[in-house]
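Visitor: A structural model of the following input is requested.
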Amino acid sequence: MNKQRTYKIKSYVNASHAVRWATGSGKKHNHTWEITCELHTLDKMVAFFDIEKIIHQTLDTLSGKFLNDLPEFKTINPTVENVTEYLFDKISTTLQDNGAELLRIEVSDSPTRSYCIDVSN
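Guide: Okay, here's the model as predicted:
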């Protein structure tokens, strides 16, 4: 039996956005975004603090911001789906540079809904 060992790190970011529609933009509103990252490392054990620091380097760029004003979301609609895609790409690259692989990210903008991206093997 092969064991898959992963770390799961949950973080929170307060940020606001306004979804753009064909007829204009919605109302600016705030979310406490919940971001859960599952990753695996090349070594059997890693310090949580080190991995959290790597993840938070990306998340801190969104904290307290109006996402629509950020260069990343000037032309891309800051929906939960697009925020998840953006975070997956940024966090995945940073983790790879530090000997870890992002296997799954789950981003929630409310307690009742999430958007997930999994790495397929």
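Visitor: would you indicate which residues of the longest strand along the chain are buried?
Guide: Ordering each strand of the chain by length in residues (DSSP state E) puts strand 29-41 first. Residues of strand 29-41 classed as buried: 31, 33, 34, 35, 37, 38, 39, 41 (neighbour count, 16 or more other C-beta atoms under 10 Å). For the C-beta atoms, the positions are set from N, CA and C on the backbone; glycine is no exception.
Visitor: okay, those in CSV with distance to residue 112 and pLDDT next?
Guide: Listed next are these as CSV, based on distance: C-beta to C-beta, whole Å; pLDDT from 0 to 100:
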residue, distance to residue 112, pLDDT
31, 12, 96
33, 14, 98
34, 11, 98
35, 16, 98
37, 20, 97
38, 21, 95
39, 25, 92
41, 32, 80
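Visitor: which stretches of the protein form strands?
Guide: Per DSSP E, the chain carries strands over the ranges 7-17, 20-21, 24-25, 29-41, 100-110, 113-118.
Visitor: quick one on the thing from earlier: starting from the longest strand of the chain, tell me which strands it pairs with and how they run.
Guide: Within its sheet, strand 29-41 is paired with strand 7-17 (antiparallel), strand 100-110 (antiparallel), according to DSSP bridges.
Visitor: contact partners of it?
Guide: 4-18, 51, 55, 59, 62, 83, 87, 91, 95, 99-110, 114 (C-beta atoms under 8 Å, 6 or more residues apart in numbering).
Visitor: for residue 83, grab the count of nearby residues.
Guide: Residues within reach of residue 83, counting by other C-beta atoms under 10 Å, total 25.
Visitor: whoops, residue 22 was the one
Guide: 4.
Visitor: swap in residue 118?
Guide: Neighbour tally, residue 118, other C-beta under 10 Å: 12.
Visitor: partners of it in the sheet?
Guide: Going by DSSP bridges, residue 118 forms beta bridges with residue 104.
Visitor: wait, which of the strands of the chain is closest to residue 76?
Guide: strand 20-21 (9.4 Å; C-beta to C-beta).
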